[in-house]
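Undergrad: No sequence on hand, only this structure:
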């Protein structure tokens with residue numbers, strides 16, 4: 001972009017400030033800046049910035065795009081969790097497998113935990129999701145034990 005194009009934009013902005021009766025000092029400063037920039041009309045904006053010692057700035061890094069959740073991984077581990085029953089050793093080995101599996105990222109772990117636990121909250125980390133799965137397993141195990149004990153009484 002040439003400086004002359006930038007100055008045209010500043011002039012338009014200056015007229016807008018006059019129409020809206022903006023602060024007189026602001027309009028005067030903008031007018032002075034526009035006049036000073038007129039000395040560089042033939043140069044590109046980048047050239048003026050480089051010669052003035054202004055460090056180059058790149059565009060702000062965009063937020064990382066969230067990767068899609070791999071539903072095959074989620075389905076696979078959800079099925080394994082559903083078939084656990086009350087065997088704690090299988091749970092421990094399954095959680096270790098999930099922890100080591102590179103395909104299970106935060107999104108997948110969160111989705112698996114949501115399906116197993118029955119909640120709707122998203123988990124911030126893979127570890128949080130795995131902890132919640134373990135807590136739910138323990139709660140289910142205790143409930144089954146209470147039910148079994150109560151059935152023996154009656």
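TA: Happy to help now that I have it. Predicted model only: the values in this text are computed from it and were never measured. Numbering: from 1, shown residues only.
Undergrad: Quick check: can you list the domain ranges of the protein?
TA: In the domain annotation for the chain, the residue ranges read 3-51, 71-153 (automatic domain parsing).
Undergrad: Distance from the chain centre to the first one, please.
TA: Its chain's C-alpha centre lies 37 Å from the corresponding centre of domain 3-51 when counted by CA atoms, centre = their mean, to the nearest Å.
Undergrad: what does stretch 133-148 give?
TA: Stretch 133-148 has its average C-alpha position 34 Å from the chain's average C-alpha position, going by CA atoms, centre = their mean.
Undergrad: re the thing from before, tell me the most buried of the domains of the chain?
TA: domain 71-153 (a mean of 15; mean count of other CB atoms under 10 Å). Heads up, the C-betas are built off the backbone N, CA and C, glycines and all.
Undergrad: average pLDDT across that domain?
TA: Domain 71-153 shows an average pLDDT of 88 in the prediction.
Undergrad: first to last residue in that domain, what's the distance?
TA: With CA to CA, to the nearest Å as the measure, the first residue of domain 71-153 is 44 Å from its last.
Undergrad: cool, and stretch 17-28?
TA: From start residue to end residue, stretch 17-28 stretches across 10 Å - CA to CA.
Undergrad: average pLDDT across it?
TA: Mean predicted confidence for stretch 17-28 is 78.
Undergrad: What are the contacting residues of it?
TA: 14, 30 (CB atoms under 8 Å, 6 or more residues apart in numbering).
Undergrad: May I have the secondary structure class of residue 5?
TA: Per DSSP: H, G, I helix; E, B strand; the rest coil, the secondary structure class of residue 5 is helix.
Undergrad: Pull the distance from the longest helix belonging to the chain to the chain's centre.
TA: Taking DSSP state H as the assignment, the helix of the chain that covers the most residues is helix 126-153. Here helix 126-153 shows a centroid-to-chain-centroid distance of 33 Å under the convention CA atoms, centre = their mean.
Undergrad: Brilliant, that's me finished.
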